[in-house]
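> just a sequence and a predicted model for now, questions to come.
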Amino acid sequence: ELEQLQQRDIPAGRQVLRDHHCHLHRVADYCESNYLQASDKRKALEETMALSTQSLASVTYQVSSLATTFLRLLDLQAAELRKVEADVGCVAQRVDMHKEKVSRREIGSLTVSKRFPSYQKIVSPPSPPCLEPYYRKPLNFSVLDDIGHGIKDHSTQLSRTGTLARKGIKSAAQAAGTLGRSTRVPEPIQPPVVPEGKLSAASSTSSLVSV
């Protein structure tokens, strides 16, 4: 489109303006000679005014069309310039990236690579270890009795089933009673009851006080 505007539309518009310029000169010569030779000056003046109005309208249209074409050309050129600017910016970024890569390469050439000591790799066992088959064995609760500084309670015994058989339950309950904390639930206490004869007197006294 840009090439079409530059090579065809704009030159054609300029040529049309040149043709209109020559045509306007001929119209002006005709109006001048007609006005000088006409016997009715008023009619010649009206004809001249009509031709002038038509000529001005034609020139205005041609100038407006050519100006619109020029504006379109400028917009396309501005778009092309923006595209070129974007391409130049992209090239500049690529140049900066290349410079950074070169700089990193030069910095890397000045450094010394660190060598890690070689260790023996972990080797998996040739065969999985043999697992001991499961069998049921009784629990021994006295294995950890001799470990630590705890207090031993010799009144407890271990039965064959692994449960504790305590012998001093009654003595423990008595010891709890000596500490003042009884496990017996206290009986509920009923609220006091006012006699019937004194109930009316008490209600009258309260009414007088409220008055």
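Thanks, I have the structure now.

> the residue of the chain positioned farthest from its centre and Lys101: what is the separation?
Most distant residue from the mean C-alpha position of the chain: Ser39, 87.6 Å away (C-alpha atoms, centre = their mean). According to C-beta to C-beta, to the nearest Å, Ser39 and Lys101 sit 93 Å apart. The C-beta positions use only the backbone N, C-alpha and C, and glycine is treated the same way.

> circling back: sec struct for the residue farthest from the centre of the chain, please.
coil (DSSP: H, G, I helix; E, B strand; the rest coil).

> from Ala50, how far out is it?
Taken as C-beta to C-beta, the span from Ser39 to Ala50 is 19 Å.

> okay, now the unreliable bits of the protein?
Filtered on pLDDT under 70, the chain yields the residue ranges 150, 152-211.

> just the strands in it please.
Using DSSP state E, the strands found in the chain span residues 156-158, 164-166.

> Ile147: neighbouring residues, count only.
By other C-beta atoms under 10 Å, 7 other residues sit near Ile147.

> give me the phi and psi angles of it.
phi -100, psi 130 (degrees, to the nearest 10).

> where do the helices sit along the chain?
Taking DSSP state H, the helices of the chain run over residues 2-4, 10-37, 41-110, 169-178, 196-210.

> the ones you listed: which one's closest to Lys137?
Lys137 lies closest, by C-beta to C-beta, to one member of the helices of the chain: helix 169-178, at 30.7 Å.

> skipping adjacent residues, who's closest to Ser65 in space?
Leaving aside its chain neighbours, Ser65 sits nearest to Gly13 (6.2 Å; criterion: C-beta to C-beta, 6 or more residues apart in numbering).

> neighbours around the one you found, how many?
Gly13 - counted by other C-beta under 10 Å - has 19 other residues nearby.

> that one reaches Gln62, doesn't it?
Yes - counting by C-beta atoms under 8 Å, Gln62 is a contact partner of Gly13 at 7.0 Å.
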